[in-house]
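Colleague: output the structure for:
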Amino acid sequence: MENKGFSEKHRVTFYETDVNGTVSLGKLVDLMMLACEDQSDTLGVSSDKVLKMGLGWIVTQHMLEIKRLPRKNETIYITTHAKSYNKYFCYRDFWVHDIRKMELAHMHTVFAMINQKTRKIATIPAAVITPFQAEKTVKIERLPLPKEIERIDRQKEYEVRFFDIDVNHHVNNVHYFEWMLDALDEDFLTKYQPVEMNIEYKKEINYGQKAVSQAQIKMTGVETVETIHEIKVGTELSCHAVCEWEVRHEEWIM
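Modeller: As a prediction, this is how the structure comes out:
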């Protein structure tokens, strides 16, 4: 049987948007992850069921392309498709469309499975992956990695709160987006819109630890900017990313 993916409808609420009236980058990824969760529930392999097996899904990398961020009160459609998998990784795609079926965003994500006790990567059980009807492969994707920071232009520190922790007992992936972009100031975030982001997760961050978000800002054109981000606990790299931006145009604004 062909894997046709999973799609659901969503109305963007005011609390999913920022001062620009558009969905924040972290919330956009949250909505995509929700579609993934809903598909898993539909197929009988919910996160609770996986957790009872002593396992949990984690994200190792997102590659995100944005044509336009959804606006407050806009109706959107989120589609996800488990493309392929091997012994340790699952590769999944996400799309966001408006009511005219125009693509707003696309994301390619690499998932892995973690053993909840050892906190190490585990083999993906057939019972968990088979319902998605993804293609089995022996290949491991070699995605481009984010650039390294050459200088620190912005920096902020965060102490991990209880409410930053998810069911896998580490900082939820979406908070990394918030911490990275929060290191940029208000003028930057209202002037520029994100168009691409490549983010790789290296090491989990736990409750009570202090994380430092560092950013480098590089002008790449008259209306384009590249930001390079790192989140560290002490000297250890937990997450890094590169984001491409362009000047925010009127069609992006409410």
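
Colleague: CA atoms for contacts and neighbours, from now on please.
Modeller: OK.

Colleague: the bottom helix or strand of the chain by mean pLDDT?
Modeller: Across the helices and strands of the chain, mean confidence by mean pLDDT, DSSP states H and E is lowest for helix 173-182: a mean of 90.

Colleague: determine how far stretch 171-181 lies from the middle of the whole chain.
Modeller: 9 Å (CA atoms, centre = their mean, to the nearest Å).

Colleague: after the least confident helix or strand of the chain comes which helix or strand?
Modeller: Next along the chain after helix 173-182, taking DSSP states H and E as the criterion, comes helix 186-191.

Colleague: check what contacts that next one and list those residues.
Modeller: V19, N20, V247, R248 (CA atoms under 8 Å, 6 or more residues apart in numbering).

Colleague: any idea of the angle the longest helix along the chain forms with helix 173-182?
Modeller: Longest helix in the chain by number of residues (criterion: DSSP state H): helix 25-42. Angle of helix 25-42 versus helix 173-182, following axes from the mean of the first three to the mean of the last three CA atoms, to 10 degrees, is 170 degrees.

Colleague: report the buried residues of helix 25-42.
Modeller: 25-33, 35-36, 38-40 (16 or more other CA atoms under 10 Å).

Colleague: which strands and helices sit next to it?
Modeller: Contact partners of helix 25-42 among helices and strands, from 3 or more CA pairs under 8 Å, 6 or more residues apart in numbering; DSSP states H and E: strand 6-11, helix 47-52, strand 75-85, helix 173-182.

Colleague: relative to K117, which of those is closest?
Modeller: Relative to K117, the nearest member of the helices and strands packed on helix 25-42 by CA to CA is helix 47-52, separated by 11.0 Å.

Colleague: list the contacts of that closest one.
Modeller: E37, S40, D41, G56, W57, Q116, V128.

Colleague: same deal with stretch 151-160?
Modeller: Counting by CA under 8 Å, 6+ apart, 171, 179, 182-184, 205-217 sit against stretch 151-160.
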